[in-house]
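1. whatever this is, show me its structure:
(one chain, ligands or ions: 1)
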Amino acid sequence: MVVNLNMSKYSIITLEEVSSTNSYAMDNIRFFDDKTVIFTSHQTDGRGRYDRKWIGDESENLYMSVVIKPKDIENYPFANLTQYLSVAVCSFLEKEFNLNPKIKWPNDILIDGYKISGILAESYIEKNKIKGVVLGLGLNVNLPFKTLEKIDQKATSLSVIKNKNYNVETILEKILDSFFENYNQFIKEGFIYIKNEYVNRCDFLGKEITIKEANLKKNYTALSIKDNGLLVVKDELENEIEIITGDILCTQI
Ligand code: BTN
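-> Here you go, the predicted model:
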């Protein structure tokens, strides 16, 4: 069932429940305008990066996908969109909840080492050309401890941190404010526009890290973030390597 709020300054399609807001957006993308937001508080089959599941339960939580179909496809900074969203969510969490969020490259958001938010971007391709992206965000708002325990990595939620429940629609609106506040500038300048803020949120730089890509795990020292958002690491033989995809599994402090 589709419920339209229509009280927002954004174009939001609210679904009472859906398997995945990303799947819904991808399946229907040709009908949606640029910047349409698909939102639900109950997602039954949420998807994460690398075919992982994104866990939800009966509690009201925040699952959203923004449809990005820019007019100027050629110059659009698609590669850094998830990093831009991660910075926007961090500033929202800091401003509204007085938290100190950190980013685990490329776009996981952690509070004291516990993941509170994940981002999944999926490309919409026609005739071998990228036409747009569905930018999905899951934020653990009211997930209780018993559900978080089932997640295969350390995870937390706002309700566990603050010991109270929150209205997810209000949070959605504020996250969209944070996302769209500097969006036009980001599109113009790309990653360089958020680089300082992004790097300041990364607390793994200079540390030993393990990166997993597909099923391969490798140890490196994290060195820096480049102007295009790529991670530069050093391997055991002191070779510098640019990491394009993958997940940081753990940081040895
Ligand atoms: C990750 O950390 O692996 C990414 C998780 C992304 C989850 C969000 S929830 C809303 C949207 N719909 C999905 O099925 N996935 C994304």
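
2. so is the longest strand seen in the chain next to the ligand?
-> For the chain, the longest strand by residue count, based on DSSP state E, is strand 114-126. Yes: using CB under 6 Å from any ligand atom, strand 114-126 reaches the ligand at 118-120. All C-beta atoms are positioned from the backbone trio N, CA, C, and that covers glycine.

3. can you list contacts of that strand?
-> For strand 114-126, contacts defined as CB atoms under 8 Å, 6 or more residues apart in numbering pick out 22, 26, 29, 47-49, 54, 69, 78, 81-82, 85-86, 89, 93, 101, 104, 107-110, 130-140, 151, 153-158, 161.

4. which of the residues you listed are buried?
-> Among those, those buried by neighbour count (16 or more other CB atoms under 10 Å) are 22, 26, 29, 47-49, 54, 69, 78, 81-82, 85-86, 89, 93, 101, 104, 107-110, 132-140, 151, 155-158, 161.

5. from those, which land in helices?
-> 22, 26, 81-82, 85-86, 89, 93, 158, 161 (DSSP state H).

6. and of the residues you listed, the nearest to residue 218?
-> For these, the closest approach to residue 218 (CB to CB) belongs to residue 82, at 22.0 Å.

7. hmm, residue 107 and that closest one touching each other?
-> Yes: here residue 82 reaches residue 107: they are 4.2 Å apart, a contact under CB atoms under 8 Å.

8. which non-adjacent residue is nearest residue 203?
-> Nearest residue to residue 203, sequence neighbours excluded (CB to CB, 6 or more residues apart in numbering): residue 102, at 4.9 Å.

9. pretty sure that neighbour sits against residue 89.
-> No: contact criterion CB under 8 Å: residue 102 and residue 89 do not qualify, at 11.7 Å.

10. overlap in contacts, these two.
-> Residues touching both residue 102 and residue 89 (CB under 8 Å, 6+ apart) are residue 109.
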